[in-house]
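Participant: Make a model of this:
(2 chains)
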Amino acid sequence: MSTMTTMINVDGISKAFTLHNQGGVRLPVFTDVSFKVEAGEALVLAGPSGIGKSSLLRLLYGNYRPTAGRIEINHSGRLLDIVSATPRRVLEVRRRTLGFVSQFLRVIPRVSTIDIVRDPLLARGVDGATATKRASDILARLNLPERLWQLAPATFSGGEQQRVNIARSFVEPAPILLIDEPTASLDTANRDVVVELIAEARKQGSTIVGIFHDDAVRARVATRHLAMSDFKSS
Amino acid sequence: MTIAQPASSFDADDTAPLLRATDVSRFYGDRVGCAGVTFDLWPGEVLGVVGESGSGKSTLLRCLAGLDPPTGGRIVFEVPAGPVDIYSLSEQDRRRLMRTAWGIVHQNPRDGLRMDITAGGNVGERLMDRGDRHYGRIRAAASDWLGRVEIDPARIDDRPRDFSGGMQQRLQIARVLVSEPRLVFMDEPTGGLDVSVQAKLLDLLRVLVRDLGLAAVIVTHDLAVARLLTDRLMVMKDGAVIESGLTDQVLDDPQAAYTQLLTSAVLTV
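Facilitator: Model (predicted):
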């Protein structure tokens, strides 16, 4: 790669929670964090639990609001500060640029597994037949039994729900993928599939920021580590 | 109180807002219904208004929907000819706008349906309001809409009083959506229903809103409903908007003391 393209520019962000109904106690998470993520990187957030890795990931997605600072996201070639952007703009950035892969599937009542996975393809204008084919392919790769595809995942096991969630996120990987513990309740075979899917997403041009507790997964995915302990609030 | 945010350079915007509320207030004598509410709603956006009973959310909805003139402020709706202040229109013009460009789903289906005419008549009447006179086409459209809200089209000649509460609510939704409004106001749309019926209705609303590209303002006290259906949220207390933003932001990282109280009071099942 000749010139670097900045995909994420985190500039001096701080995060603290103020619990107004518990005596106004203030819980600082971190202060003045700055870093950049360049196109094609797979940045792994490292550090012990409770240090704010998930909070940082949620800040990057616009789910949490920082106490101070800017978070610029490369959206269609322009850096956009999602902290000051209107809600409407943040939704557009999420639709086209930012994907969030959480540990948990937010179950939508009554919607079948295959439709959940097809949905992001249809939203991007892929035709119905192609969407069904690609959704089926990725569910098969993740070893989700075909008899489950027409069912809503509400009654699935944790690991099955997680695979539905992963299928949905990777069927059409976003330019920036924020990944929180995707392999937490998966067996080795499925863990390997997730690592492959991440590698393929990167080949297609996705930039990754993630949290991976499994050492082996982390070693195979990461191009760089960000040590969160350096940022811990005093 | 305002939720309008400073426009960044990225918001030199492509489309005009569909609905623009500026400093909307409604007083009943000395009592505050709602005060100083400002927001813009764009096509395809779903805005939730949450807060407990008496917080002013239904008062606000009635002002926005043209049912009750605000004491102060402006409500501007975008029509093909350009923006119009809905309360500067004659009563007759406003009523016409309410029947064609937007729709209102009441909490109690009896407020939105005519209980003495058939299900098909309830749906078809809206098309006739719009000038449609072709009986076969009206009946076909009514039948199609009954199917879309999961009412057996064979019941097209039954009266709503013979329907269950959940079916009445779905019929009301069909009656509102058949005229293809661009904006729908909903007041506690799942309020009086059993939980299982609620889930079905919520999913139906979610799919319809997405497929039709509807904009909607949904008043609810149920945060789970807000999370499932809305893009943005306004939290009201004592008639004022005390917090607003993306729905997941407001629910996952609430800033105001009152919002924190609301979100922490939800039982997780």
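Participant: and whichever residue of chain A sits closest to chain B, what does it touch?
Facilitator: Chain B sits closest to residue A:20 of chain A, with a gap of 3.3 Å, by Cβ to the nearest Cβ. Where you see a C-beta, it was placed from the backbone N, CA and C, and this is true even at glycine. With contact set as Cβ atoms under 8 Å, 6 or more residues apart in numbering or on different chains, residue A:20 has these partners: B:256-257, B:260-261.
Participant: Return the distance of the closest residue to chain A within the stretch 101-250 of chain B relative to residue A:111.
Facilitator: In the stretch 101-250 of chain B, no residue comes nearer to chain A than residue B:199, which is 4.1 Å away by Cβ to the nearest Cβ. Remark: distance between residue B:199 and residue A:111 (Cβ to Cβ, to the nearest Å) = 11 Å.
Participant: Could you list the low-confidence segments of chain B?
Facilitator: B:1-14, B:266-269 (pLDDT under 70).
Participant: Repeat that for chain A.
Facilitator: Judged by pLDDT under 70, chain A has its weakly predicted residues at A:1-2, A:107-108, A:232-234.
Participant: Show me what from it comes close to chain B.
Facilitator: Selection of chain A residues close to chain B by Cβ under 8 Å from any Cβ of the partner chain yields A:17-21, A:58, A:62-65, A:78, A:80-81, A:84-91, A:108-111.
Participant: for chain A, what are the nearby residues on the stretch 101-250 of chain B?
Facilitator: For the stretch 101-250 of chain B, the contact set with chain A under Cβ under 8 Å from any Cβ comprises B:199-200, B:202-203, B:206, B:228, B:231-232, B:245-246, B:248-249.
Participant: now do the same end-to-end measure for stretch A:62-73.
Facilitator: Using Cα to Cα, to the nearest Å, the end-to-end distance of stretch A:62-73 comes out at 10 Å.
Participant: ditto for stretch B:62-78
Facilitator: End-to-end for stretch B:62-78, by Cα to Cα: 18 Å.
Participant: Going by neighbour count, which residues of it are buried?
Facilitator: B:62-66, B:68, B:70, B:73-78 (16 or more other Cβ atoms under 10 Å in any protein chain shown).
Participant: so which of those comes closest to chain A?
Facilitator: The nearest one, if we look at those relative to chain A and count by Cβ to the nearest Cβ, is residue B:78, at 15.2 Å.
Participant: Just to be sure, residue A:45 is in a strand?
Facilitator: Yes - under DSSP: H, G, I helix; E, B strand; the rest coil, residue A:45 falls within a strand.
Participant: contacting residues for it?
Facilitator: By Cβ under 8 Å, 6+ apart, the residues touching residue A:45 are A:53, A:56-57, A:209-211, A:225-226, A:228.
Participant: ok, and the closest non-adjacent residue to it?
Facilitator: Spatial nearest neighbour of residue A:45, excluding adjacent residues (Cβ to Cβ, 6 or more residues apart in numbering or on different chains): residue A:53 at 4.3 Å.
Participant: Hmm, the one you found is touching residue A:227, no?
Facilitator: No - Residue A:53 is beyond contact range of residue A:227, at 10.7 Å (criterion: Cβ atoms under 8 Å).
Participant: so what sits against both of these two?
Facilitator: With Cβ under 8 Å, 6+ apart, residue A:53 and residue A:227 have common neighbours A:46-47.
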